[in-house]
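In: Any chance you could fold what I've pasted below:
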Amino acid sequence: MQEDRRLWEFAEQLRAEVVDRCAEAQLEPQAAFTSVLADHLVELGIVDDVDICSYHEKTGAGHVSTDGYAINTEDGVLVLLATCYLGEPELQRTGKQEVRNALVRALRLFREALKGLADRLPQRTESREMLQRIRAAGSDIAQIRIIFLTDGLVQDTGLDAGPPEGGRTVRYDIWDVRRLFRSEVSGLPYESIEINIEERLGEPLSCIAMPECEADYRTYLAIIPGAFLADLYDEFGSRLLELNVRSFLQSRGKVNRGIRDTLRSEPSRFLAYNNGLSATADRLDLCTTSKGALAIRAVHGFQIVNGGQTMASVHSAKTKDRIDLSETFVQTKITEIAPGLIEELVPKVSRYANTQNRVSEADFSSNDPYHVEMQRLSETVWAPGEQSRWFYERARGQYQVAKATQGTTPARKRRFSADTPSKQKFTKTDLAKCLNSWGMLPHIVSRGAQKNFVDFMDRLRRRVGSDWRPDQDYYRDAIAKLILFRSAERIARSLKFPAYRANAVTYTVAYLAHRTLNRVDFSSIWLLQSISPALEGALTEWMPILYEGIVETAGSRNVTEWCKNEKCWHKIQTLELEIPPVLCEELAEGQPLPTVGSRRGKDGSGLSGRDRENIARVMQVPADGWLRIHGWGARTGALNPKQCGIALTLSGYASGLWQQVPSAKQAWHGVQLIVTAEEHIEEIGEFQPESA
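Out: Below is the predicted model:
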């Protein structure tokens, strides 16, 4: 059969992707498989960001195991991944008993975590951290979702829910290779959700249809019980939310206080107060009631495109606040869109429907023009020497697909691997991680790949606008930063940190940007396709110190959660680590030398390392920033006339694109002005660029 052949080809590509992940991240095959599938599930909205953590042990209560986890305290959901990776060239069946054993062991791990299993494990290990986080979140967890992942074929187990666990609902979800394949070939950026309304409510849902007209859509209005919506969100979670809406909730927080207050104090007036939901579907099953009214029997491909906070808040009201929703109803507009138009129309419906809520104009999908242009650049810009290029995997799995389609013979396959080696493949979340790390946002990167990606796109659009497109210079600079980031990852692996490795990497890269004042020569990294020995030495020397700094400043707090806090980054910034002399010399090369002031030092011989740092720091502040400082100082009298004059002079230099470079003395005074201005930032406002 055609599907069987395509399924086998998909399984082959999946195995190749796992092999690549093993090499890239130095993971065992099962952990690499879990990592690959976790990326897939995150993109489909099945789960939020996942932490990969393999833990398989025998306890007094029996075997416990998991291969990854995600904790969402806002929704009250704990996700545990249970993986069975076969890695066989032929498709194999995964037995029902193996599935059941994995689900039971994952649930048992939750029970044992609440009993203090973490206390029996060594300090600073990923497994101990996971168990501690589960125990700390225990009272906030209302639902346990155990997802079984396998590259085998699973027959219907009849399992979708288990008995309550300490008052918490338990749901099971099974993803085998066939389900993964079908979600891939559907062409949808989400897994299609089918809801049998008649079966769930006991009767079809009455609705009103739009007038007949020549349109490529049909719209229906309905009043939906709040408890029914809460149950849907409990079962499907963020899978119900279109990508832009998920991104909006990730960046803005999920539960709206005003909505919650209405549900608590005036649930019967919710319909009058709330704007309701907008949803799309690729098909509605309609019928006529005994009274002759139009009604919806079932909905296929259901996606919320506006009203994500309403959904999340109604769910929270029922599950966490225990509010009776029997008198709560929500008005809903459902637009039926033909499958062929879904990718074009759904993001637009989402964007325009969310205008009132100021959702970013960016479509946070791989189809955003920024990512399309980055892919085009990766296809046309070759690394120095023109022997290889980098491969931007705009959508998950593109690399293996390209490898299969272009490598139709052994010779062509070797050519593809030589031109675009797997080690030079990078994804949109890889790009966001390395650029936000260099942008000195390690606390954002530590929040997970998807949340960091949303933040990256949001900042990018605010900074350069939606019409901006990357050029070759931007692309080369981005690849150089990616090389730096991956070098830091390699160093972290060699140092064999027992936990918090990812945090150590992003904080070290951010600290390098902070300590060197962005003076790293990325054009040199691009030309060499590697970092210099001086940079390698600094990263290797600093990373263990920064790692210990993160752990020590966390105190009694959970280290992983502490790393997500901006206060952690502020603490790390206070560490005054010495820049190694060899790196100082490298940073000095190509740095502008003073063109004003005394003749001494114009060849750089009279400048100290501190002088150079001061000049670089002063030149990071734009002209309008220096004008802000000057205006504030003159208006309030906080700066004396000499200081005001220096601020005005530096503003002039900046306006001239620093063709005049300040002297060491001017730079010293300029740094003092920056320090003073930072202490009065609320009065002055932002005066430095975002990454500074």
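
In: When you work out contacts or count neighbours from here on, use the C-alpha atoms and nothing else.
Out: Noted.

In: Next SSE downstream of the worst-scoring helix or strand of the chain on mean pLDDT?
Out: For the chain, scoring each helix and strand by mean pLDDT, DSSP states H and E identifies helix 243-252 as the least confident one, at a mean of 55. Past helix 243-252, further along toward the C-terminus, the next helix or strand under DSSP states H and E is helix 257-265.

In: Can you read off the backbone torsions of Asp39?
Out: Main-chain dihedrals, Asp39, degrees, to the nearest 10: phi -60, psi -40.

In: In terms of helix, strand or coil, where does Thr280 fall?
Out: When the structure is reduced to helix, strand and coil (DSSP: H, G, I helix; E, B strand; the rest coil), Thr280 reads as strand.

In: what sits against the residue lying closest to Gly625 once chain neighbours are set aside?
Out: Excluding its sequence neighbours, the residue lying closest to Gly625 (C-alpha to C-alpha, 6 or more residues apart in numbering) is Phe687, at 4.1 Å. Under the criterion of C-alpha atoms under 8 Å, 6 or more residues apart in numbering, the contact partners of Phe687 comprise 621-622, 624-626, 628-629.

In: Can you select the buried ones among the residues you listed for me in PyMOL?
Out: This is the PyMOL syntax for the buried subset of the contacts of Phe687, where burial follows 16 or more other C-alpha atoms under 10 Å:
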select buried, resi 621+622+625+626+628+629
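
In: Can you lay out the contacts of Phe687 as CSV showing secondary structure, pLDDT and distance to Gln672?
Out: CSV is the format used below for these (DSSP: H, G, I helix; E, B strand; the rest coil; pLDDT from 0 to 100; distance: C-alpha to C-alpha, whole Å):
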residue, secondary structure, pLDDT, distance to Gln672
Val621, coil, 91, 13
Pro622, coil, 91, 16
Asp624, helix, 92, 18
Gly625, helix, 92, 15
Trp626, helix, 94, 13
Arg628, helix, 92, 15
Ile629, helix, 94, 12
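
In: Now do Tyr511 against Ser487, distance only.
Out: 15 Å (C-alpha to C-alpha, to the nearest Å).

In: err, Asn367, not the other one
Out: The gap separating Asn367 from Ser487 is 29 Å, by C-alpha to C-alpha.

In: between the two, who's got more neighbours?
Out: Taking other C-alpha atoms under 10 Å, Asn367 and Ser487 do not tie; Ser487 has more neighbours (20 against 13).

In: so the more buried one makes contact with Pro533?
Out: No: using C-alpha atoms under 8 Å, Ser487 makes no contact with Pro533, being 11.2 Å away.

In: Which strands or helices does the longest strand seen in the chain pack on?
Out: For the chain, the strand that runs over the most residues, judged by DSSP state E, is strand 62-72. In terms of contacts (3 or more C-alpha pairs under 8 Å, 6 or more residues apart in numbering; DSSP states H and E), strand 62-72 is packed against helix 29-44, strand 51-59, strand 77-84, helix 96-114.

In: Is it correct that Asp173 falls within a helix?
Out: No: assessed with three-state DSSP, Asp173 is strand; it does not lie in a helix.

In: thought it was touching Ile144?
Out: No: with the criterion set as C-alpha under 8 Å, Asp173 and Ile144 do not qualify as a contacting pair; they are 10.9 Å apart.

In: and the closest residue in space to Met440 that isn't next to it in sequence, how many neighbours?
Out: Leaving out its chain neighbours, the residue that sits closest to Met440 by C-alpha to C-alpha, 6+ apart is Ala510, at 4.5 Å. Burial of Ala510, expressed as a neighbour count using other C-alpha under 10 Å, amounts to 26.

In: What about Gly158, how many residues nearby?
Out: Applying other C-alpha under 10 Å, we find 8 residues neighbouring Gly158.

In: Next, please give the residue ranges for the helices of the stretch 401-550 of the chain.
Out: 410-419, 428-438, 442-445, 449-464, 472-495, 501-516, 522-528, 533-554 (DSSP state H, counting those that start in this stretch).

In: go on, the stretch 201-350 of the chain?
Out: So, for the stretch 201-350 of the chain - with DSSP H, counting those that start in this stretch - the helices run 226-236, 243-252, 257-265, 270-273, 308-319, 342-353.

In: In terms of mean pLDDT, which of these ranks lowest?
Out: In terms of mean pLDDT, the lowest-scoring of these is helix 243-252 (a mean of 55).

In: show me where pLDDT drops low in the protein?
Out: Per-residue confidence for the chain (pLDDT under 70) gives these ranges: 1-3, 186-190, 242-256, 339-366, 598-605, 690-692.

In: Can you give the domain ranges for it?
Out: Per automatic domain parsing, the structural domains of the chain span 2-185, 194-357, 369-588, 609-684.

In: Phi and psi next, for Arg21.
Out: Torsion angles at Arg21 (phi, psi; degrees, to the nearest 10) stand at phi -60, psi -40.

In: Roughly how far does the residue nearest to the spatial centre of the chain sit from Ile147?
Out: Computing the C-alpha centroid of the chain and ranking residues by C-alpha atoms, centre = their mean puts Gln450 first, at 1.7 Å. Distance, Gln450 to Ile147, using C-alpha to C-alpha: 19 Å.
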